[in-house]
Structure formats: C-alpha cells, structure tokens
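Student: Provided below are the primary sequence and the corresponding predicted coordinates.
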Amino acid sequence: MAAPSPRIVLFILALVVPGISAGRCNMTGTWWNVLGSTFYLSEAENSSLRGRYQTAVEAAAGEAGPDGLAPVIGIRHSGREPTFSMSTVWAGGSITSWVGQCLMQEDGNQVLKTTWLLRSPVASLEEDWKSTRIGQDNFYQIAKDVLSKEELQSLKP
C-alpha cells in the first residue's frame, strides 16, 4: 500500500486538529494588552476556557492580591472567530468579567476584542454607585503555548 501524499495528510490534520486550519482563531496561548496585563489561556474540547490572568493595574492597592494573578474560567463559541466570556475573582473580593470575540487580522495574527466589567464590593447600598467599572481592551497573542496538565489542575475551582 502506498503512503498518503503530504497534501492529504495536511488536509486531514487541518480538519481534525483544532486551530491548525488556516484562518481559525485559537485562543490557546499567551495574550498581552498595552497596559501590560496578560491572559494565559487554554481551550478545551467542550468549549470551555481555563487559565490565569496577570493584571498590571488595580482599582485599589492590594485588591488583586500580592502577585496580581488569578484563575480564569470561561466559555467560547466554536466558530471560526469565536465569541467568548471569561471571569475571575480577585483576592479583595472584586470580580472581573470579559466578553468579546477572537478576530483574525489581515496579517494572520489574532486579537481578543473585549469589553470588561469590574464589580468591587461596597459597604452599603449608598456606595453602590461606585462599585462597577466598565471598559474595553484588546489582547494580542504573543505565544501559542499551552498550559501544562499540572497548571490546569491547579486552576480547578
């Protein structure tokens, strides 16, 4: 029996292995924004996202904890340029959520276009007016690495 041609092998790999086909956004990897914050994300077969978020900014000193690192959980759609939602809880009790879309740029690079919401705890209903911030951010993929199984296990709630 003759070996399959390289073209057939590549075609099959593009259909079977997520993220190999040209033009598909793959959210697995390291993502950086212009403020210096970083997502370390890994996609799973069941449309879930897991990872870590390293913040470079804080709403209040110490709010993000001593190292500014928090686990992230989320879900994504399975399309070519998937929409997604991710959340994290900070040491000080605040929660940040991001919704957005992974988009392909003309040069083949990927960008996560996000809108985020940060909810901080307040002491009373009268202080509720200052509890929520909203903004937008872009994250650019700087590495396509995958979290190790040990790292992923450490992130389970």
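Tutor: Received, thanks.
Student: Assign a three-state SS to W129, would you?
Tutor: helix (DSSP: H, G, I helix; E, B strand; the rest coil).
Student: That one: how many residues sit nearby?
Tutor: By other Cβ atoms under 10 Å, 8 other residues sit near W129. C-beta: built from backbone N, CA, C; applies to glycine.
Student: so how far is Y53 from it?
Tutor: Separation of W129 from Y53 (Cβ to Cβ, to the nearest Å) stands at 26 Å.
Student: Repeat that for C102.
Tutor: 16 Å.
Student: Looking at those two, which has the bigger crowd around it?
Tutor: Shown here are C102 and Y53; by other Cβ under 10 Å, C102 has more neighbours (26 against 22).
Student: May I ask which helix or strand encompasses that one?
Tutor: In this structure, C102 is located in strand 95-104 according to DSSP states H and E.
Student: thinking S120 is in contact with T96, fair?
Tutor: No. Between S120 and T96 there is no contact under Cβ atoms under 8 Å: 9.7 Å.
Student: Who has more neighbours out of those two?
Tutor: For S120 versus T96, neighbours defined as other Cβ under 10 Å are more numerous around T96 (21 against 18).
Student: What's the local residue count around the residue lying closest to the more buried one once chain neighbours are set aside?
Tutor: Nearest residue to T96, sequence neighbours excluded (Cβ to Cβ, 6 or more residues apart in numbering): L118, at 4.9 Å. Around L118 there are 17 other residues, counting by other Cβ under 10 Å.
Student: How much space separates L118 from Y140?
Tutor: Taken as Cβ to Cβ, the span from L118 to Y140 is 21 Å.
Student: Likewise for D128?
Tutor: 35 Å.
Student: go on, L69?
Tutor: 20 Å.
Student: any chance you could map the helices in the chain?
Tutor: 6-16, 149-154 (DSSP state H).
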